[in-house]
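Enquirer: Build me a structure from this.
(3 chains)
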Amino acid sequence: MSYYFTILSPTDTPIFNIAFGTSKGGGDGIARFRFPDTAQYMNQFIIHSSLDIVEEAQWTNGGMYLKHIDTYPPAAAYISAFLTPSGARFLLLHQPPQLPSGSSSGLGSSSLLGSSASTTRASSSSVAANPTSPQTEEAVRQFMNEVYESYVKTSMSPFYKQGMEIKSPVFRTKVTGAGKKWL
Amino acid sequence: MAAPPRHSSMMSTSNAGTLQSSTTDRQQAPQQLPTPQPTQGLRVPSNRKTIYDRHLNRSRNAESSRASFAYLFGEMVTYAQRRVTGIQDLEKRLNEQGYPLGLRLLDLLFYRSTSTSSSALSSSSTSSSPPNRPLRIITLLHLIHGPLWRLLFQRSADALEHSVSPDTPNEYMITDNDPLVNTYISVPREMNMLNCAAFVAGIIEGVCDGCGFEAKVSAHNQPTEMWPSRTVFLVRFGDSVMEREKVLERNGVK
Amino acid sequence: MNTSIHHDQVGCRTAKDINKLPTALTRKEQADFEHFPATSTSTSISSEKSTPACCILCSASTLSIGHAVSTPDTPDSVAMAVFSLIIINKAGGLIYQREFQAGLRKLSTNDYLVLAGTFHGVHAITRSITPKLPLAPTTNSPAAASPGSNTPVASGYSYPIPGASVSGLEYLETDKFRLTCFQTLTGTKFLLFTDPMTGNVDTIINKIYELYADYVMKNPFYQLEMPVRCEAFDRHLGAWLRGRT
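Expert: Residues are numbered from 1 along each chain as shown, chains lettered A, B, ... in the order given. This is a model prediction of the structure:
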């Protein structure tokens, strides 16, 4: 599974971005999106297009974690959202790996061999297999909560103003660590 | 005090660097915001603990000296008083000082209530689910009246009222009989309209705005015989909030 | 300055009090006149063991304070009576003046300013005329070695109370009132006029100092050395003194 995580300020400014892959089930933590050529901007498009749904769900669901809210089938991208009380939005795009259609066709592309080997192993773990399963929801929730803690610490800094880009390398490490731990 | 996060450890910077370089440039590099390069002069606390390594609940039950706060707040008022054009201007400045604090406190308040309910170690709260973001005005005001006030002043506010006038259904009043910030402050007679609790009004405004309730909050003196520094915080919600409130009410959102 | 003192009004006290009062006062007044019959300054230094600084006794007629006691009702209120408070800044200016009893003779604002300035000067004088007692060259007592920085033992003298720094006038007693002076580290002076029978004046003054530190010094609208106009200070001071009686 590949992940793309964004924090949006209350005024829709992206203040933090990171892409990473699963570390569960032997994953190496490297993102491999299905369409690597377009992923760099498509991921951002997909995430931002889910904002409308976030804003709708925001006023019916009082929880902070809104769970899986949007799907973009062409890229098999699933979006989960987490809202901080102060209006920042954590959006996580997750894209399950392209499962080989059959065990024999898996070797169709030799360049994909390494990744498909790891994904078959990864698919045994519940998190990576099904983006909408309760286990995945729970894992994402834990991930979001951990990022939230780091985010609160950032926002408590007297040198940080709301809406500023989060540049701290420590914050990045913390998010990466949370991704490794839960996803 | 720990160093601000931007001046964080070089160690972790290099960690992030290796992580990035191992990923394929084609996929990764353009998507990520440029990682700040460690520049000369970056400093970390001597124990290498950044603010991210400290627990947010550590100061949960800690108290700060009332005298230090009084001196600090006194200086804040003095600072705000420089080159002001009038009382309104002074109150506006105090309000602006409180506003960012409200935004921050909101996050901290929710973080603390979620973390205690999930760990449930020493918490006094019995609720097991994390608290919800306030969606309706009343929930928001109860959040301010109760938890926020307790976080700030260790007690609830004294009253919460809705405007009785039909012309102003968007006005709510939160009353504090003896605001902590005004304990040691005597406003000179020629400025008797001034209430330094405008700072607290700014905090409330920050909390309301943070939750998505656009509001203007002001502090007013309403002394009584028993409570000479009784203060009423007038919360005026914007039209968009009132419209949404109607829609939510129709949909039965609590 | 107004020099009249109303002797007649003591008569309203109860018989028991009258019995008590004269003995205490007459003895002090005698001591008074013995000490300074002909000197130009009307001060005397007493070296009582119990009072840790100079005690200055004034006969009622040499210093004139325009406060006359009016008919206190009960012996209790007499014992607790705090007549008035004056605060003088470090430059000798009057920054606060308040009366706590009805019926005191009012002075004009100008007189209060003069009074504050005069007291400031008198205080400075009493400070500098504190006698220096020569030390015997052989004396090396630890008590004499410990005084404040301005009592150099090397120069061979000591102040009447070893260990206490020179503070100047601390209290002044007449048969009508007792004036207690408390000086803060920054040079602000608190003058408290009480009934001579009032006990624990130190406690009262300390509490007033505390209220001053809280409601005056922590008030962002108070300018240092300027007259105190803090409504919260007035309120708390009044409430506290009322609570005592």
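Enquirer: Return the set of buried residues in stretch B:190-205.
Expert: Neighbour-count burial for stretch B:190-205, counted by 16 or more other CB atoms under 10 Å in any protein chain shown, picks out B:194-205. The C-beta positions use only the backbone N, C-alpha and C, and glycine is treated the same way.
Enquirer: so where do the helices sit in the chain?
Expert: You didn't pick a chain, so chain A it is. Ranges of helices in chain A, per DSSP state H, are A:36-49, A:51-58, A:113-122, A:126-129, A:134-156, A:169-182.
Enquirer: Not quite, go with chain B.
Expert: For chain B, helices defined by DSSP H occupy the ranges B:10-22, B:25-28, B:66-80, B:87-119, B:137-143, B:149-153, B:198-210, B:239-250.
Enquirer: can I get the ones you listed in CSV with mean pLDDT?
Expert: Shown next, in CSV, are the helices of chain B (pLDDT from 0 to 100):
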stretch, mean pLDDT
helix B:10-22, 37
helix B:25-28, 40
helix B:66-80, 93
helix B:87-119, 84
helix B:137-143, 91
helix B:149-153, 91
helix B:198-210, 94
helix B:239-250, 90
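Enquirer: Need the winner for burial among those helices.
Expert: Of all those, helix B:198-210 has the most neighbours on average by mean count of other CB atoms under 10 Å in any protein chain shown, namely a mean of 26.
Enquirer: Check which helices and strands that helix sits against.
Expert: Other elements packing on helix B:198-210 under the criterion 3 or more CB pairs under 8 Å, 6 or more residues apart in numbering or on different chains; DSSP states H and E are helix B:87-119, helix B:137-143, strand B:215-221, strand B:231-237.
Enquirer: that older thread, quick one, which of the helices of chain A gets closest to chain C.
Expert: Ranking those by proximity to chain C (CB to the nearest CB) places helix A:134-156 first, at 26.2 Å.
Enquirer: And the closest one, what does it pack against?
Expert: The contact analysis (3+ CB pairs under 8 Å, 6+ apart) places helix A:134-156 against strand A:2-8, strand A:65-72, strand A:77-83, strand A:89-95, helix A:126-129, helix A:169-182, helix B:87-119.
Enquirer: What mean pLDDT does the fifth one get?
Expert: Model confidence over helix A:126-129 averages 52 on the pLDDT scale.
Enquirer: before we move on, the earlier item: got the helices of chain B as a markdown table, with distance to residue C:238 columns?
Expert: Formatted as a markdown table, the helices of chain B follow (distance: least, CB to CB, whole Å):
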| stretch | distance to residue C:238 |
| --- | --- |
| helix B:10-22 | 60 |
| helix B:25-28 | 72 |
| helix B:66-80 | 21 |
| helix B:87-119 | 27 |
| helix B:137-143 | 37 |
| helix B:149-153 | 26 |
| helix B:198-210 | 27 |
| helix B:239-250 | 45 |
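Enquirer: between the ones you listed, which gets nearest to residue A:145?
Expert: Nearest to residue A:145, of all those, is helix B:87-119, at 7.1 Å by CB to CB.
Enquirer: How about the closest one and chain C, any contact?
Expert: No. Using CB under 8 Å from any CB of the partner chain, helix B:87-119 never reaches chain C; the gap is at least 10.8 Å.
Enquirer: That helix packs against which elements?
Expert: Using 3+ CB pairs under 8 Å, 6+ apart, helix B:87-119 sits against helix A:134-156, helix B:66-80, helix B:149-153, helix B:198-210, strand B:215-221.
Enquirer: how about a cut-off of 7 Å?
Expert: Here helix B:87-119 touches helix A:134-156, helix B:66-80, helix B:198-210, going by 3 or more CB pairs under 7 Å, 6 or more residues apart in numbering or on different chains; DSSP states H and E.
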